[in-house]
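# generate a structure from the sequence data that follows.
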Amino acid sequence: MRAVPAVIRRSLAGNKLFALALIPAVLLRVDAELGYRWQSWFNDSFSYVSAAVTLTPDTSRPSGYPVYLWLLSPFHSYLLVTASQHLMGVLVAVMIYALARRRFGAPGWVAVLFTLPVLYDGFEIQLEHLIMTDTLFLFLAFAAVFVLLWSPRPSWWACLVAGLLLGLSSTVRSTGLALIPVFALYLLIRFLPSVVTGGARWRGWRALIAGLVACGIAFAVPIVGYEAWYKSAHGQFTMTESTGVFLYSRVMTFAECSRLTLPADLLPLCTSVPPAQRPIAQAYIWTDASPLDRFPPPKFSPTVNKLAEEFAIKAIEAQPLDYARAVWADTARSFDWNREVFPNGQTYAEYLFGYHSLAVPASPFRGYSSPEAYYVRGNPDTVVVNPFAELIRVYQRYVWLPGTVYGLILLVGLFGVVFRWRRAGRDALLPWLCSVALIVAPAATAEFDYRYVTTAAPFACLAALLSFSPPGRQSPLSSLVARQKPPPSSVQTAERPFGSKGDEWSAGAVVPSADGTGGEPGGAPLLPRRVPGSGLRGGLANARHNKRDLPPDAP
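A predicted model of the protein is given here:
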């Protein structure tokens with residue numbers, strides 16, 4: 001232990017229970033690496049790697065994750081990619097624990113308890129091991145929440161950093177765009193009380209405006225930069241050409257053209273299949289039966305995207321209750337106790353540590369069999385190695401967070417928001433709304449997916465944890481000031497009328513002077529040099545001395 005730095009020894013000494021929880025969680029991730037060397041593939045993974053090796057933004061989804069892959073590409077290693085993602089997952093749990101203990105003073109066992117869904121959920125570990133966007137998105141979005149919550153009243157630079165992290169997360173997954181209203185609402189709630197009731201209202205307004213402006217500008221910087229990059233590649237100042245297409249797939253589960261007033265150019269998007277007999281939403285994008293295929297390719301193009309968006313908006317306006325029911329039905333899937341095979345058997349199997357990994361499709365690229373092989377300069381296939389693979393495969397089958405438990409965690413967080421508003425409810429509102437937004441936004445704009453629940457769960461855990469914050473919890477800064485004050489028994493105080501001369505200190509309070517010594521220049525630390533009305537030689541007194549220490553009066 002002597003070789004371990006002192007700061008690490010102190011951290012371990014004060015957080016032994018969390019350290020014990022971390023060790024098996026890290027070992028499980030090591031086992032996943034050894035069992036599935038060195039990555040697992042999802043059907044979306046191949047488009048991400050292709051965008052990374054060509055450094056061209058994809059038209060169907062944001063390409064912030066391919067940029068991350070491109071940054072790591074000089075090492076030609078999928079091990080580095082997945083190991084960094086496993087580290088991100090562990091760091092999310094560390095951020096939950098750090099906020100709970102250092103900022104809100106929650107009991108240690110409670111703080112550890114609410115990190116377990118992040119540390120030990122088998123689907124979380126598998127998601128970290130996939131070449132997919134979700135872990136990077138989770139890390140960036142959660143880090144933004146962490147920065148805002150670390151201080152009781154976030155400074156403008158904290159808002160700046162949080163906005164930048166949130167903007168970066170939106171270039172990884174477009175769901176991040178749904179979080180910016182949540183962050184803006186939190187800043188309003190945090191700063192408005194001082195604006196409405198505080199004595200220095202201008203300072204309150206200035207802090208509110210500075211926080212909102214800093215967060216908004218920082219959020220916009222990566223978004224605008226990404227859209228400029230997209231324009232240079234595809235000629236459109238936007239992030240994707242798919243928002244209208246995905247929204248079209250959402251409404252096609254209920255839209256009836258007989259109830260819509262459509263112009264001629266939108267009629268090809270209709271279908272004669274009754275709503276009760278239609279497939280799931282994503283079938284209206286990825287299958288040959290989609291009416292989108294009636295237009296000239298590519299499917300993700302400005303023309304098709306615009307027409308699909310117009311159709312979707314008209315369907316929502318004409319059938320708002322049907323749209324609400326579709327969104328509710330998909331959102332409610334998040335809270336099922338068991339995971340059903342959804343959206344289909346092939347996709348569901350890709351979320352599991354299986355007996356073999358998804359095969360990499362052959363697509364020659366720069367002398368290699370595929371872009372995935374070019375990225376690693378070798379064989380990109382996953383090598384399944386037992387007994388490590390068998391261990392993590394069985395573990396995932398039995399250890400995961402059921403949707404019903406996730407719903408209960410959300411309810412605990414909601415209880416803290418409503419009934420402990422003055423304690424930590426205002427702060428809990430931020431992660432709670434983030435968690436809700438991350439499951440509702442996909443259901444409202446595209447379709448439900450289980451990995452969205454896995455990403456939303458850490459925010460719900462943090463919100464629920466804050467419900468256990470003890471009353472009267474001080475911020476780290478106020479605790480530091482309190483520790484610097486001398487004990488009451490050693491401080492002599494006297495009453496002084498408010499508003500009188502020298503009102504820099506008041507009854508029972510001591511205010512340090514500009515030179516840090518306290519009281520008048522030359523006075524003892526933290527005490528005024530002259531104590532009015534003490535009866536000691538015109539009020540003179542020496543700090544930390546009682547009457548018998550004074551020289552006798554002159555005759």
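# list the buried residues in the host helix or strand of F183.
Assigned by DSSP states H and E, F183 belongs to helix 180-196. Burial within helix 180-196, assessed by neighbour count using 16 or more other Cβ atoms under 10 Å, is assigned to I180, V182, F183, A184, Y186, L187, R190, F191, S194, V195. The C-beta positions use only the backbone N, C-alpha and C, and glycine is treated the same way.
# hey, C-alpha coordinates of stretch 298-310 in PDB?
The C-alpha trace of stretch 298-310 is given here as PDB (Å, rounded to 0.1, in the frame of the first residue of the first chain):
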ATOM      1  CA  PRO A 298     -31.400   7.100 -52.200                       C
ATOM      2  CA  LYS A 299     -34.000   6.800 -49.400                       C
ATOM      3  CA  PHE A 300     -32.200   9.300 -47.200                       C
ATOM      4  CA  SER A 301     -32.200  12.300 -49.500                       C
ATOM      5  CA  PRO A 302     -33.500  15.900 -49.100                       C
ATOM      6  CA  THR A 303     -36.500  15.200 -51.400                       C
ATOM      7  CA  VAL A 304     -37.700  12.000 -49.800                       C
ATOM      8  CA  ASN A 305     -37.000  13.300 -46.300                       C
ATOM      9  CA  LYS A 306     -39.000  16.500 -46.900                       C
ATOM     10  CA  LEU A 307     -42.000  14.600 -48.400                       C
ATOM     11  CA  ALA A 308     -42.000  12.000 -45.500                       C
ATOM     12  CA  GLU A 309     -41.900  14.800 -42.900                       C
ATOM     13  CA  GLU A 310     -44.900  16.600 -44.500                       C
END
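# list the contacts of that stretch.
Residues outside stretch 298-310 that contact it (Cβ atoms under 8 Å, 6 or more residues apart in numbering) are 59-60, 236, 240-245, 247-248, 265-266, 269, 285, 292-293, 295.
# mind checking which of the residues you listed are buried?
59-60, 240-245, 247-248, 266, 269, 285, 292, 295.
# packing partners of the helix or strand in which E128 is found?
Assigned by DSSP H and E, E128 falls within helix 122-129. For helix 122-129, the packing partners by 3 or more Cβ pairs under 8 Å, 6 or more residues apart in numbering; DSSP states H and E come out as helix 16-35, helix 78-98, helix 134-149, helix 388-398, helix 450-465.
# between it and helix 450-465, how many degrees?
120 degrees (axes from the mean of the first three to the mean of the last three Cα atoms, to 10 degrees).
# now helix 122-129, how far from the centre of its chain.
Offset of helix 122-129 from its chain centre (Cα atoms, centre = their mean, to the nearest Å): 17 Å.
# rewinding a little: which among the buried residues of helix 180-196 gets closest to V112?
Y186 (25.9 Å; Cβ to Cβ).
# excluding its backbone neighbours, what's nearest V436?
Using Cβ to Cβ, 6 or more residues apart in numbering and skipping the chain neighbours, the partner closest in space to V436 is L410 (7.3 Å).
# list the contacts of that neighbour.
W432, S435, V436, A460, A463, A464.
# most widely separated two among those?
Taking Cβ to Cβ as the measure, the contacts of L410 have their most distant pair in V436 and A464, spaced 12.8 Å apart.
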